[in-house]
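Novice: Sequence first, predicted model second:
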Amino acid sequence: EVDFVILAGDLFHTRAIDALSLNQAVAGLELLQRAGIPCLAVEGNHERSYYNEYIGWMDFLSIRELLILLNPEFEEGKPQLAPFSRRTGSFHDPVPGVRVHGLAYSGSSTHAAIANYADALAELENGDIEYTIFMAHAGVEGVLADQAGGLSHRQLTVLKPYVDYLALG
């Protein structure tokens, strides 16, 4: 009785995956697809394409329509929030009344991207949306002892007026 699945990046542990890993991911996503359960996802740092390649693994899975890959287009640093359509968009409404927003891995500029996303959310018309999920490939400062670069609670609070659930990966 699952309505949808969210995947906050790093479906794979490395960019250079082997055929068996890709096959296992495709098989799992096909199970969801056959059951009519959408998988909404953002790209993590491990799925990004190499500098000389056009698409990464999440793009590949999106092209195959095995997942809905969310990420806004940015113009002058400002996210352009738009519903997902075919291959692009920053949000999707998987069930009536629920909206899921997505932000791909942004590296050291994640805190600025989230602040700008919060500003864009303040201007977005929500209509009949009762519950909003924000999904990003980012970590929280101090959660993993051996990891640096996480976002502070202060940096994340800009989303609080607009988001009911924060899904980080």
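Specialist: Now that the structure is in, tell me what you want to look at.
Novice: Average the pLDDT values over whichever helix in the chain runs longest and round to the nearest integer.
Specialist: Longest helix in the chain by number of residues, with DSSP state H as the criterion: helix 19-34. Helix 19-34 shows an average pLDDT of 92 in the prediction.
Novice: Which elements pack onto the very next helix or strand once past that helix?
Specialist: Downstream of helix 19-34, the next assigned helix or strand under DSSP states H and E is strand 39-41. Contacts defined by 3 or more Cβ pairs under 8 Å, 6 or more residues apart in numbering; DSSP states H and E place strand 39-41 against strand 5-7, helix 19-34, helix 57-63, strand 68-69, strand 98-103. C-betas here are computed from N, CA, C, even on glycine.
Novice: Tell me which other helices or strands the longest helix of the chain touches.
Specialist: By 3+ Cβ pairs under 8 Å, 6+ apart, helix 19-34 packs against strand 39-41, helix 57-63.
Novice: now the last one, how far from the chain's geometric center?
Specialist: Relative to the mean C-alpha coordinate of its chain, helix 57-63 is positioned 13 Å out (Cα atoms, centre = their mean, to the nearest Å).
Novice: ok, residues contacting the longest helix of the chain?
Specialist: Applying Cβ atoms under 8 Å, 6 or more residues apart in numbering, the external contacts of helix 19-34 come out as 5, 11-12, 38-39, 57, 61, 64-67.
Novice: can you pull the contacts of the spatially most central residue of the chain?
Specialist: Within the chain, one residue has its C-alpha closest to the average C-alpha position: by Cα atoms, centre = their mean, that is Val42, at 2.6 Å. Applying Cβ under 8 Å, 6+ apart to Val42 gives the contacts 7-9, 58, 69-71, 102-105, 135-137, 169.
Novice: change it to 6 Å
Specialist: 8-9, 70, 102, 104, 135, 137 (Cβ atoms under 6 Å, 6 or more residues apart in numbering).
Novice: Grab the nearest non-local neighbour of it.
Specialist: Gly102 (4.3 Å; Cβ to Cβ, 6 or more residues apart in numbering).
Novice: Correct me if wrong: that neighbour contacts Met135.
Specialist: Yes - with contact defined as Cβ atoms under 6 Å, Gly102 counts as touching Met135 (4.9 Å).
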